[in-house]
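Novice: Sequence and predicted structure below; questions after.
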Amino acid sequence: MRGNRKLTGALLLGALLTVALLSSCGGGGGGDAATASGPLTKAQFIKRAGPICQKVAEERETLIKQLPPGQVSGSRQQLEKALALVIFPLYGKVISELAELKPPSDQAAAKLIGQAEAILKQAEAHPGPLLTGNPFRQINGTAAKYGIKGCTF
């Protein structure tokens, strides 16, 4: 249990640094020109959503690898507070960026974003389960089924 807490603490510290880096990152714009009046096609959405997910995952992993082992530890309350201050805003930003892409009107795209929003809301209300597992992994599976590669919340 103590090892899990240290790992979670390290992940949270990595996420703190990720938030700082992401604040300077742009959204998922560029590439295909979408009409201002309508949603993206599925191919356009996948093309733009992938980099949004991948950028977060890559930066998070890079920062975690740079942390000395056991650098962060803390009480359950400290870790839950860190989740609220770091992870939830980070994932909220990613979910918002995905929604801002004007996803296709198909049910699968709406399910992906809706599922992510619901999991985030549940985690914000009850952060404790995040100390032992990652309910956001469900989003990764949904994204992969839709065609978005490398989405690792």
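Specialist: Everything's here; your move. Numbering: from 1, shown residues only.
Novice: Low-confidence bits of the protein, can you list those?
Specialist: Applying pLDDT under 70 to the chain flags the ranges 1-37, 59-74, 82.
Novice: residue boundaries of the helices in it?
Specialist: Listed in chain order, the helices of the chain (DSSP state H) span 2-22, 42-66, 76-82, 88-100, 107-125, 137-146.
Novice: What's the local residue count around residue 75?
Specialist: If you count neighbours by other CB atoms under 10 Å, residue 75 ends up with 9. To be clear about C-beta, it is placed using only N, CA and C from the backbone, and glycine gets the same treatment.
Novice: er, residue 139 I mean
Specialist: For residue 139, the tally of surrounding residues (other CB under 10 Å) stands at 27.
Novice: For it, give me its contacts.
Specialist: Residue 139 is in contact with 112, 115, 116, 119, 151, 153, counting by CB atoms under 8 Å, 6 or more residues apart in numbering.
Novice: my guess is the second one meets residue 140, correct?
Specialist: Same thing as residue 115. No: shown here, residue 115 and residue 140 do not form a contact pair, counting by CB atoms under 8 Å, at 10.6 Å.
Novice: that older thread, what two of the contacts of residue 139 have the greatest distance between them?
Specialist: With distance counted by CB to CB, no two of the contacts of residue 139 lie farther apart than 119 and 151, which are 13.2 Å apart.
Novice: Just want to know which of the two has more residues nearby.
Specialist: For residue 119 and residue 151, the more surrounded residue by other CB under 10 Å is residue 151, and the numbers stand at 23 against 19.
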